[in-house]
Structure formats: C-alpha cells, structure tokens
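Visitor: Would you be able to build a 3D model of this:
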Amino acid sequence: MDLKVAVVQFDIIWEDTKANLSHLTKRFEELEKDTDLVVLPEMFHCGFSMSTQNNVQKDGGIVLQWMRKMSEKHGVALVGSVVTETNGRVTNRLYVVDGESVESYDKRHLFTMGDEHLHYQKGYERLIVVVKGWRLCPLICYDLRFPVWSRNQGDEYDALIYIANWPESRSEVWDVLLKARALENQSYVVGVNRIGKDESLNYSGSSQIIDAKGHVLVNTSDNDIIAYGVLCKDELRRFRSVFPVLKDADNYELKSSE
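Guide: Now for the predicted structure:
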C-alpha cells in the first residue's frame with residue numbers, strides 16, 4: 001500500500017495559537033482528497049518559544065482537539081508537536097492523530113544552545129506508530145543530529161519523520177543529515193520545517209521527502225506550500241531485499257539517562 005504524504009510548510013505566527021490554527025484550518029481545505037498523512041512543523045501553533053507559560057496546553061488542550069477535528073473531518077492522519085503540560089511536566093510533545101487514535105512522543109534531545117532544557121522536560125521513549133499499514137518513527141528537530149536514537153534496529157519502521165524549526169544558518173546540515181538518516185536506515189525520510197522569521201532566527205524551509213536510496217523526491221525550497229509525495233511500500237521492500245544492509249547492522253541497547 002502506498003502512503004500519500006502532505007508536508008505543510010508555512011510561516012508560524014509567533015506565540016499566537018489561535019491565529020495559527022485559524023490559518024491552518026483554511027489551508028486544510030486545500031488538501032488533495034487522497035491524502036493519507038499530513039505533517040506539520042515543530043510547535044506549529046506558536047513557534048519555537050521558551051515562554052512556556054504563554055503557549056502551554058494542558059494535556060494537549062485546544063491544539064490537540066483541533067488536530068483530532070482536522071483528522072476526522074479530512075480523513076487524514078496528522079503529525080505535529082505541541083507545548084504540553086501533563087502531570088506537572090512540560091514537554092515538546094509530538095502527537096500522531098489518526099481519527100480517534102492519539103499517540104505521542106516527547107522530544108528526547110533538547111536544544112541546550114537555545115535553553116530548551118531549562119524550560120522543557122526530555123522524553124525517554126521512542127515511538128513507532130502504525131498509520132495506514134506504515135510503521136512510522138516520528139522525531140523532533142534536534143533529534144536529527146543523533147543517529148543512534150533513530151537507528152532502524154531489526155527493521156522496526158518504514159519511514160522516519162522529522163518535524164522542525166531548523167534555522168536557515170544551518171540549512172546545509174539539515175540537507176545532509178536528512179539524506180544520511182535515509183541511507184543508513186534504508187528508510188523513507190520526511191522532514192518538515194517552517195519558513196519565515198521568529199524573534200531571533202530566519203527559517204528557509206526546505207521540507208523534504210527522501211527515499212531509502214537517498215533520492216530527494218520532494219524539496220519545497222522556501223515556499224509557503226503544501227507539497228505531496230507518495231511513499232511506495234513495494235519499492236521499499238524490493239530495495240531492502242536485494243540490498244539487505246539492515247541485516248548487517250550492529251545491535252545495541254539504549255539505557256535511560258534519567
């Protein structure tokens with residue numbers, strides 16, 4: 001079964017959840033009808049803000065409610081991260097919403113150079129979620145720099161998803177690492193970034209879909225755009241069968257650093 005993915009790249013309005021949700025609600029009306037999965041940038045409702053008190057959503061709050069509404073209305077699965085407080089812990093939490101199904105992943109690698117670790121709690125569990133027959137491993141921004149965390153041990157997933165607020169000054173790193181993650185894990189990679197400017201940084205987008213051979217299938221450049229790519233399960237299986245890199249990979253066990 002193929003998976004049609006829509007990457008939504010836009011200029012996030014700084015710390016204005018209501019305005020961002022209103023904007024995206026209108027954009028969702030433009031979705032092509034056969035879309036299976038919609039991927040939004042990191043902290044799509046407010047931008048990469050350390051002012052958690054201005055943006056925090058209790059147990060996902062109205063943002064998660066909005067995600068569920070969009071998923072059900074348009075018949076798509078939806079990925080995006082939300083400033084979330086649960087049981088007193090504030091996390092950069094990625095939600096995968098598919099109708100009534102909601103699963104989550106808390107960002108593991110917090111961006112210390114931007115003081116993210118001073119405002120958010122890190123996560124300790126990786127998520128593998130099945131959407132329309134596809135095994136997906138969704139991760140967040142700075143996680144991209146840490147290949148051990150994303151390693152496809154034992155053929156666990158079919159596609160990696162990275163959602164980000166990745167600055168223009170490091171755009172070449174974004175390009176290189178997305179392609180590296182695809183090649184080393186024999187996996188599709190979907191990387192979704194924002195455009196525009198926040199209080200201190202510029203963002204140039206370059207959201208991408210890359211196949212397991214490292215071929216860039218979609219690159220949005222710096223446009224405000226919804227772009228589409230189709231992931232082909234049969235093609236992925238054939239490539240892994242004739243060139244079984246994953247069978248020769250090293251095994252290891254990750255230990256919690258709590």
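Visitor: Now do the helices in this protein.
Guide: 17-28, 52-55, 61-74, 147-150, 171-185, 233-242 (DSSP state H).
Visitor: In TSV, list the ones you listed along with mean pLDDT, distance to Tyr157 and mean neighbour count.
Guide: (C-beta placed from N, C-alpha, C; glycine too.) Shown next, in TSV, are these (pLDDT from 0 to 100; distance: least, C-beta to C-beta, whole Å; neighbours: other C-beta atoms under 10 Å):
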stretch	mean pLDDT	distance to Tyr157	mean neighbour count
helix 17-28	98	26	16
helix 52-55	96	30	15
helix 61-74	98	21	18
helix 147-150	97	9	14
helix 171-185	98	8	18
helix 233-242	98	11	13
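Visitor: For the ones you listed, give me TSV that also has distance to Val130.
Guide: Formatted as TSV, the helices of the chain follow (distance: least, C-beta to C-beta, whole Å):
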stretch	distance to Val130
helix 17-28	23
helix 52-55	30
helix 61-74	15
helix 147-150	18
helix 171-185	17
helix 233-242	12
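Visitor: Tell me which of those approaches Leu254 most closely.
Guide: helix 147-150 (7.1 Å; C-beta to C-beta).
Visitor: So which elements touch the closest one?
Guide: strand 134-140, helix 171-185 (3 or more C-beta pairs under 8 Å, 6 or more residues apart in numbering; DSSP states H and E).
Visitor: Need the CA coordinates for the shortest one. CSV is fine.
Guide: This file holds the C-alpha atoms of strand 134-140, laid out as CSV (Å, rounded to 0.1, in the frame of the first residue of the first chain):
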residue,chain,number,x,y,z
TRP,A,134,3.0,2.0,7.5
ARG,A,135,5.3,1.8,10.5
LEU,A,136,6.5,5.4,11.3
CYS,A,137,9.1,6.7,13.7
PRO,A,138,8.4,10.4,14.4
LEU,A,139,11.1,12.6,15.9
ILE,A,140,11.7,16.3,16.5
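Visitor: Show me what that strand is packed up against.
Guide: Using 3+ C-beta pairs under 8 Å, 6+ apart, strand 134-140 is in contact with strand 89-98, strand 101-106, strand 129-131, helix 147-150, strand 159-163.
Visitor: Pick the most deeply packed of those.
Guide: Mean neighbours per residue, mean count of other C-beta atoms under 10 Å, is largest over these for strand 159-163, with a mean of 26.
Visitor: Give the rounded mean pLDDT of it.
Guide: Strand 159-163 shows an average pLDDT of 99 in the prediction.
Visitor: Listing partners with orientation, what would you give for it?
Guide: strand 134-140 (parallel), strand 188-192 (parallel) (DSSP bridges).
Visitor: quick one: that strand to helix 171-185, angle?
Guide: Per axes from the mean of the first three to the mean of the last three C-alpha atoms, to 10 degrees, the angle that strand 159-163 makes with helix 171-185 is 160 degrees.
Visitor: need the contact list for the nearest residue to Ile12 once chain neighbours are set aside.
Guide: Spatially, and ignoring its direct neighbours in sequence, Ile12 is nearest to Gly47 (4.5 Å; C-beta to C-beta, 6 or more residues apart in numbering). Counting by C-beta atoms under 8 Å, 6 or more residues apart in numbering, Gly47 makes contact with Ile12, Ile13, Trp14, Glu15, Asn165, Arg194, Asp198.
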